[in-house]
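J.: I'd like to go over a predicted model; first the sequence, then the structure.
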Amino acid sequence: MRNQWLAPTAGAVLAAALLAGCGSENGDSAASGDSVVMGMSDDVLATDPASGYDPGSWLLFNNVFQSLLSFPNGGTEPVPEAAEECHFSNAATKVYTCTLRKGLKFSNGDALTSKDVKYSFDRMMTIGDDAGPAIMFPMLDKVETPDAHTVVFQLKYADATFPSKIASGAGSIVDHSEYPADKLRTDGKAVGSGPYKLDSYSKNQAAFSVNSSYEGTAKVKNSGVTMKFFHGDQKALKKSLLAGDVDLAYRGLAAQDIADIEQSSSEDIDVVEGNSAEVQHLVFNMKDPVAGRLSVRKAMAYLLDRDALIDKVYDNTTAALYSIIPAGITGHNTAFFDTYGARPSPAKAAQALRADGITGKVKLTLWSTPARYGPATDAELKAVAAQLNASGLFDADVKSVAFAQYERDIKSGKYGVYVKGWVPDYPDPDNFTQPFFGKGNVLDNHYTNRTITGTIIPQTGEQSDRSSTSRQYEQLQDIVADELPILPVWQAKQYAVARGNVYGLENCLDASTVFRFWAISKG
């Protein structure tokens, strides 16, 4: 996602019909549990799903809007939500058909029909907002509506990950009578058919109540949620949690705060840990005179001590990452562990440099940005520089700039080594590979490999049985480990910290990145 600090298989089920139910029950719109107050340091940048492409906005979308499909708790295979069933209509995975549930309504009482689904996708693509999810759908040719309950997506080319894409926040369905066709809605309101209604939205908070018109798989266990925004102020968020002003904190507490709370028994507060597919990499500009040399990149790979870094900077709230595709996602392997090991090897680093004729210290700047990829990013890169320098092979320093300038400088090719974080749009290996190594890659590091772009990415995109792609994705990661356009550093763990009377958070933290308001209860 989203380029932001911000799982296993999609399975053969995608080749066949996706059937409603799958062990879930229809939503309980008569929820009577207590309301919940949640704090987070992220902002919600948009209430219109044609615009938002950030974690805060998608949190809102996933609770206020329905998509045709959704990711169940702990699952990475999309199942029907607003749809009754969906299936690829041909073996080439270029025609995708969905049949809607009966009786769907928006929170304003309007019926939800195939017209609204087509309108939502057509509108998103027409607006094409730079900060929106239209970028995820280059394969979409047109949307057809044979009748009020049937939607047919015609694709320009095969894309077996299409079901996962429309199951994300990018697939949010809006009421055609409430949203203009060619521009964004800017009044801070939202009308959807999801489990919740957005009652109010302001700079500092958003309030949600249960949508009594909802028909879907979610079973709501509270009477509403209020989100309070702390705008990056981690100390204020921790203080509010400890004071009881918020019931839970999600996305925003510093690693040290989480560690302190875990070690303290003086407060009735629980730290809930969940799976995450968020990753962070060091990126190398392949045209840079220093970082563009494979020997330099290999030396850095031999010297990076992930475990020490995670212990020192992140208090073990992340995990060492030795692959492009993180643990829990189809195709994950340990290519970088196998190639460079887990422990630093100055001897092998020196050998790589000497073989390339480099005998003096390598002068290098690691570029960072202070907030976008987490509050500890600058400290992390300083720790990496210290590891490099301790070998006696590098003279590395760190420079940090504001994110807007950071992005401009990367595009202009100014930096040799820089950091990038990634929160997936959907839990499929495609989302960790195509954006990084496909055409027009988001890393702007001038890396191309014909085997990856010409064979692996196109072929895996056609395979509806996502488990069958593992070998090809392992091959891709082996290639990347050898050529080193990026160096994986860590995979995040998700945390929510809550007062002792808040339950269900373990059902909100998984590789899908869907934070399910409806799973939370307060006793």
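T.: Sure thing, it's come through. Residues are numbered from 1 along each chain as shown.

J.: What ranges in the stretch 151-300 of the chain fall below the confidence cut-off?
T.: 264-267 (pLDDT under 70).

J.: where do the helices sit along it?
T.: For the stretch 151-300 of the chain, the helices defined by DSSP state H, counting those that start in this stretch cover 162-166, 234-243, 255-263, 294-303.

J.: I'd like the ones you listed as JSON lines, with distance to Lys183 appended.
T.: In short, each C-beta sits where N, CA and C put it, glycine included. Below are these laid out as JSON lines (distance: least, Cβ to Cβ, whole Å):
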{"stretch": "helix 162-166", "distance to Lys183": "23"}
{"stretch": "helix 234-243", "distance to Lys183": "34"}
{"stretch": "helix 255-263", "distance to Lys183": "41"}
{"stretch": "helix 294-303", "distance to Lys183": "45"}
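
J.: Where does the prediction get shaky in the chain?
T.: Those would be 1-32, 264-267, if you go by pLDDT under 70 across the chain.

J.: how about the helices of the stretch 151-300 of the chain, which one is nearest Thr448?
T.: Of all the helices of the stretch 151-300 of the chain, helix 294-303 sits nearest to Thr448, with 15.0 Å by Cβ to Cβ.

J.: Restricting to C-alpha, output the closest one in CSV.
T.: Only the C-alpha atoms of helix 294-303 are listed here, as CSV (Å, rounded to 0.1, in the frame of the first residue of the first chain):
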residue,chain,number,x,y,z
LEU,A,294,27.1,-5.3,-6.9
SER,A,295,30.1,-5.7,-4.6
VAL,A,296,29.0,-2.9,-2.4
ARG,A,297,25.5,-4.2,-2.1
LYS,A,298,26.8,-7.7,-1.3
ALA,A,299,29.1,-6.3,1.3
MET,A,300,26.2,-4.6,3.0
ALA,A,301,24.1,-7.8,2.8
TYR,A,302,27.0,-9.7,4.5
LEU,A,303,27.2,-7.1,7.3
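
J.: who's in contact with it?
T.: 282, 284, 290-291, 336, 339-341, 344-346, 348-350, 352-353, 355-356, 358, 362, 364, 387-388, 391, 393-394, 417, 483-484, 487 (Cβ atoms under 8 Å, 6 or more residues apart in numbering).

J.: Which of these fall within helices?
T.: Among those, the members falling in helices (DSSP state H) are 336, 339-340, 346, 348-350, 352-353, 355, 387-388, 483.

J.: which of those lies closest to Ile310?
T.: Using Cβ to Cβ, Gln387 comes nearest to Ile310 of these, at 12.3 Å.

J.: since we're on the closest one, how many residues are nearby?
T.: Residues near Gln387, counting by other Cβ atoms under 10 Å, number 19.

J.: ditto for the one 4 residues further on
T.: The tally of other residues near Ser391 (other Cβ under 10 Å) stands at 20.

J.: circling back: show me which of the contacts of helix 294-303 are buried.
T.: 282, 284, 290-291, 336, 339-340, 344-345, 348-350, 352-353, 358, 362, 364, 387-388, 391, 393-394, 417, 484, 487 (16 or more other Cβ atoms under 10 Å).

J.: CA atoms only for the helix or strand where Ile457 lies, dumped as PDB, please.
T.: Using DSSP states H and E, Ile457 falls within helix 457-461. Extracted C-alpha coordinates of helix 457-461, given in PDB (Å, rounded to 0.1, in the frame of the first residue of the first chain):
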ATOM      1  CA  ILE A 457       5.100 -12.000 -13.200                       C
ATOM      2  CA  PRO A 458       2.900 -12.600 -16.300                       C
ATOM      3  CA  GLN A 459       2.800 -16.400 -15.700                       C
ATOM      4  CA  THR A 460       1.900 -16.200 -12.000                       C
ATOM      5  CA  GLY A 461      -0.700 -13.600 -12.800                       C
END
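
J.: in that helix, what counts as buried?
T.: Quick answer for helix 457-461 (16+ other Cβ under 10 Å): Ile457, Thr460, Gly461.

J.: roughly how far apart are the first one and Phe137?
T.: Between Ile457 and Phe137 the distance, using Cβ to Cβ, to the nearest Å, works out to 16 Å.

J.: Can you give me the buried ones in stretch 480-499?
T.: Quick answer for stretch 480-499 (16+ other Cβ under 10 Å): 480-481, 484-499.

J.: ugh, typo on my part, it should be stretch 248-268
T.: Buried-residue list, stretch 248-268, by 16+ other Cβ under 10 Å: 248-259, 261-262.

J.: Widest-spaced pair of those residues?
T.: Across the buried residues of stretch 248-268 (Cβ to Cβ), the longest gap, 18.8 Å, separates Leu248 and Gln256.

J.: what would the ones in helices among the contacts of helix 294-303 look like in TSV with distance to Val442?
T.: Below are those laid out as TSV (distance: Cβ to Cβ, whole Å):
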residue	distance to Val442
Phe336	20
Thr339	24
Tyr340	24
Pro346	33
Lys348	31
Ala349	29
Ala350	34
Ala352	28
Leu353	30
Ala355	32
Gln387	27
Leu388	26
Glu483	18
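
J.: hmm, back to that, which other helices and strands contact the helix holding Ile457?
T.: helix 430-437, helix 470-483 (3 or more Cβ pairs under 8 Å, 6 or more residues apart in numbering; DSSP states H and E).

J.: So what touches that helix?
T.: 157-161, 429-430, 433-434, 437-438, 469, 472-473.

J.: hmm, which of these are the buried ones?
T.: For these, burial is judged from neighbour counts taken by 16+ other Cβ under 10 Å, and it is met by 158-161, 429-430, 433-434, 437-438, 469, 472-473.

J.: possible to save the residues you listed as JSON lines with distance to Tyr53?
T.: Shown next, in JSON lines, are the buried ones among the contacts of helix 457-461 (distance: Cβ to Cβ, whole Å):
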{"residue": "Ala158", "distance to Tyr53": "25"}
{"residue": "Asp159", "distance to Tyr53": "19"}
{"residue": "Ala160", "distance to Tyr53": "23"}
{"residue": "Thr161", "distance to Tyr53": "17"}
{"residue": "Pro429", "distance to Tyr53": "21"}
{"residue": "Asp430", "distance to Tyr53": "17"}
{"residue": "Thr433", "distance to Tyr53": "19"}
{"residue": "Gln434", "distance to Tyr53": "16"}
{"residue": "Phe437", "distance to Tyr53": "20"}
{"residue": "Gly438", "distance to Tyr53": "18"}
{"residue": "Thr469", "distance to Tyr53": "26"}
{"residue": "Gln472", "distance to Tyr53": "28"}
{"residue": "Tyr473", "distance to Tyr53": "25"}
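
J.: any idea which of the residues you listed is closest to Glu506?
T.: Using Cβ to Cβ, those come closest to Glu506 at Pro429, 25.1 Å.

J.: which residues touch the closest one?
T.: Ile325, Ile329, Thr330, Gly331, His332, Thr460, Arg466, Thr469, Tyr473.

J.: Let's verify the third one: helix, strand, or coil?
T.: Under the three-state scheme (DSSP: H, G, I helix; E, B strand; the rest coil), Thr330 adopts coil.

J.: quick one, phi/psi of it?
T.: In terms of degrees, to the nearest 10, the main-chain angles of Thr330 are phi -50, psi 130.

J.: any idea how far Val514 is from it?
T.: Taken as Cβ to Cβ, the span from Thr330 to Val514 is 18 Å.
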